[in-house]
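Asker: no FASTA, just this:
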Ligand SMILES: [Zn+2]
């Protein structure tokens, strides 16, 4: 059984596209829809969709970092020589 996260509209203004709760979401639903962890992994089909969306988001020529908005390009000041 998966524990449902606690809704908090002030922290998570965009609701989950699956359950409609204002909880932590990621853009790994169908067509990039925001889904919470239980909705994104609740069925084998949902988990396959989430894994495919994450894989596609991580694919690319440059290094990526995971953020609340999903994978993003790593800031260039962290990838160039001479950083401190
Ligand atoms: Zn949900």
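Answerer: Good, I have the coordinates. On a predicted model such as this, the values are computed, not experimentally measured, just so you know. Numbering: from 1, shown residues only.
Asker: the residue sitting nearest the centre point of the chain - nearest residue in space that isn't next to it in sequence?
Answerer: Note on the chain: the residue nearest the mean C-alpha position is residue 26, at 2.7 Å, using Cα atoms, centre = their mean. Nearest residue to residue 26 in three dimensions, chain neighbours excluded: residue 70, at 5.8 Å (Cβ to Cβ, 6 or more residues apart in numbering). (C-beta placed from N, C-alpha, C; glycine too.)
Asker: interface residues of the chain facing the ion?
Answerer: Residues of the chain lying close to the ion by Cβ under 5 Å from the ion are 16, 18-19, 36, 39.
Asker: just the buried ones among the residues you listed, please.
Answerer: Burial by neighbour count, 16 or more other Cβ atoms under 10 Å: within those this picks out 16, 18, 36, 39.
Asker: for these, could you give me TSV that also reports distance to residue 61, pLDDT and secondary structure?
Answerer: Shown next, in TSV, are those (distance: Cβ to Cβ, whole Å; pLDDT from 0 to 100; DSSP: H, G, I helix; E, B strand; the rest coil):
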residue	distance to residue 61	pLDDT	secondary structure
16	31	95	coil
18	32	94	coil
36	30	94	coil
39	31	95	helix
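Asker: could I get those residues as a markdown table with distance to residue 10?
Answerer: Formatted as a markdown table, these follow (distance: Cβ to Cβ, whole Å):
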| residue | distance to residue 10 |
| --- | --- |
| 16 | 16 |
| 18 | 21 |
| 36 | 16 |
| 39 | 21 |
